[in-house]
Structures are given as C-alpha cells and as structure tokens.
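Q: The sequence and its predicted three-dimensional model are supplied below.
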Protein chains: 2
Amino acid sequence: MSGDAEKNQRGLVQVYTGNGKGKTTAALGLALRAAGHGKKTCVIQFMKGEIYYGELGAAKMLAPYLEIVQMGRPDFVNKNNPDPKDVHLARQALDLAKEVLAGKKYDILVLDEINVALDFGLIETADVMALIDSKPAKTELVLTGRYAKKEIIERADLVTEMTEVKHPYNAGVEARVGIER
Amino acid sequence: MSGDAEKNQRGLVQVYTGNGKGKTTAALGLALRAAGHGKKTCVIQFMKGEIYYGELGAAKMLAPYLEIVQMGRPDFVNKNNPDPKDVHLARQALDLAKEVLAGKKYDILVLDEINVALDFGLIETADVMALIDSKPAKTELVLTGRYAKKEIIERADLVTEMTEVKHPYNAGVEARVGIER
C-alpha cells in the first residue's frame, strides 16, 4: 500500500484543452487546493499581459504558495503574422519554465495557454516535448489552452477537454472583470 | 458602452458538468480569481465530508473572500439506497444555499456536486429550479457535478462539459492529496 501511495505522489503531466471555459480557471483552482496543503505552484502565462490583474491579485493573497508570471503583452497576438516581440516573450517563457523545473522549488508548474502559443507557432513542439522530458519525477506539470498538439496529448498522463455546451458570449462580448479575468 | 459593461456584471448561472476532471477545481479557481478582485465566494459542497481538507485549508488562506461549507459525510453515498442522513444533509445544504442567496453577502455562490445530489435523488430538481429563480441579479451561481439535469442545462446561461480524454486512474486509484483533494 505504501508503494501505491508513493506512486500516487508522482507528478503527472496534465493537459486542459478544448474550446470551453475553465482551463486556466481549473489550473488556478489546482494551485489554490495545493496551497491548502502547503504546496507551491508557479504559473507561467504565455501570451498574457497585465490585463489579467485579478489573477495577480489572487497570487499575492496566496504568497508564497502561488507565483504567477505573465510573459506576454496586453495586445492580442496576430496568428497569421506574429510580432517578433511575441515570439521572443514566448521563448523567454519556455526558458523560465526550464529553470523552474530544474530549480525544483515548486511542486506544480502550470504553463498557461502554452498550447495556443504552440498553435500560433511562437514556440516549437520539439522544445516543449524536451521540457516535459526534463520534468523532475515529483513535479506536477499542467499545460493549458485550446488546440493542444497531438504529440503532447499522447505524452500526457491526464487530458481533460473542456467543451462549450452553451455560452452567452458567442457574439464576442468581452470577459467580465472578477469572473473570467 | 456603460450599458454593456453593466450587463456584463449581471450574475450568470454556470454549470460545470461531464465525466472529466476540473469541475470543482474550476469553481475553486473562479473563487481565487474573484478574491483577487475583492469579491466574495461561498462554496457549499454537497455529499462531501471532512476528507477534502485541502480545500478547507485554502479557504482559510483566502478569508474573508472564500468560505467553504461541507454538507456531507466522509462516507460514500449509496445511490441505490441513500442513507436518510445523506438526504437530510443535502436538503440542509439546499436550505443554506437559499439563505446565502437571500443574504446577498456573497458575489458568487458555488453549489459543488449538486448535480450528483440531484442524480442520486437526495434533492428534487423542482427545488433547485426554484433556488435558481431566487438568485439576486448580480450573484453568480455555479452548479457543478456530473449528470447535470436537462432542465438545469436549459436554464443555465453558460454550460461547460469536462470530458475525460485520458486518465491514468481508470483502474480506480484514489485521488492524490494536494492535487485532486
């Protein structure tokens, strides 16, 4: 039984993908629950700038158990012609992720919206696969964002797809402060 | 535009359902983000006893912005023959939900696993529909749990289905402390 318990504490590779709500939110919830157990989470947000200040405020409340680093600009990234600044920031985010894993100071590392950064071509799938391979055994690694690559889904231990069944904002109304951001 | 902004701050009825992970977790993440904006969340957990202490510890860290009330026993509920104690606790949870909505002290009310309590027949769909009708305009109401009733999905503004694409615990290994609970 102790062998089972130990196995259970092995860190997994989780993916939250799909077109529905709740991917980043579930990652934040994971961090909150982990904080309740005294575990530390680092969230690196790809393609997100300072507009998500609710998440930053929340991180302060959970310090030192939650750190959120936003590696993006407030502007939307142009998928067909991404700005070199966006490519640079996404690569920096990936480098930071490597450092965080190597440093082993966090129990959980969330790479928020990394799947979208991959889909937009800001970073390469091979580099993310190498990052996953570098994960210390006990660290939980969570990759969020729609359009998750097939290779990453195959490599992950646990994959959840959030599907939008019904949404009042299909017309494009912005996210509400305090709820979605 | 201010009319739009105001409309955006109207509280919605959200449902997180499906067989995948992340339903309760997304609700906790919603609470964390809201806390970052100074908004208060009350989570009433149906059919959950004191084993979910990670969530309770986390709530303490976010006090007074998050309160979690567990209205269940640590034992599993027998779907085919529920104990009268479980029925009683689920009805108490529903009464508490009514009070919380009427009191208007919380910006968000999460009824965690209420869909399962309905599916198990511990409470009645008509009572939950009446509860939804009693929601103050500005309160966000979130109902989680697999097997969401058709009537509730129809009544909700926003429904997300979490689908399990890949899961290492299909064999029935228990949830890991600090991650799933």
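A: Cool, got the structure.

Q: In contact with the most centrally placed residue in chain A, which residues?
A: Using Cα atoms, centre = their mean, the residue of chain A that lies closest to the mean C-alpha position is A:Asp112, 2.1 Å off. Residues near A:Asp112 by Cβ atoms under 8 Å, 6 or more residues apart in numbering or on different chains: A:Thr24, A:Ala27, A:Val43, A:Ile44, A:Gln45, A:Phe46, A:Lys48, A:Thr144, A:Gly145. All C-beta atoms are positioned from the backbone trio N, CA, C, and that covers glycine.

Q: please redo it, this time with the cut-off set to 7 Å
A: A:Thr24, A:Ala27, A:Val43, A:Ile44, A:Gln45, A:Phe46, A:Thr144 (Cβ atoms under 7 Å, 6 or more residues apart in numbering or on different chains).

Q: ok, now A:Val15?
A: A:Leu143, A:Ala148, A:Ile152, A:Ile153, A:Ala156, A:Val159.

Q: among the contacts of A:Asp112, which are within reach of chain B?
A: Subset of those in contact with chain B: A:Ala27, counting by Cβ under 7 Å from any Cβ of the partner chain.

Q: Quick check, pLDDT for the nearest residue to A:Val177 once chain neighbours are set aside.
A: For A:Val177, ignoring the flanking residues on the chain, the nearest one in space by Cβ to Cβ, 6 or more residues apart in numbering or on different chains is B:His37 at 6.4 Å. B:His37 is assigned 92 on the pLDDT scale.

Q: Check which residues of the lengthiest strand in chain A are buried.
A: The residue-count maximum for a strand in chain A (DSSP state E) belongs to strand A:158-166. Buried residues in strand A:158-166, counted by 16 or more other Cβ atoms under 10 Å in any protein chain shown: A:Leu158, A:Val159, A:Thr160, A:Glu161, A:Met162, A:Thr163, A:Glu164, A:Val165, A:Lys166.

Q: returning to that earlier point: now, the contacts of A:Val15 that are in helices?
A: A:Ile152, A:Ile153 (DSSP state H).

Q: looking at it, A:Val142 is touching A:Ala27, isn't it?
A: Yes. At 5.4 Å, A:Val142 counts as touching A:Ala27 under the criterion of Cβ atoms under 7 Å.
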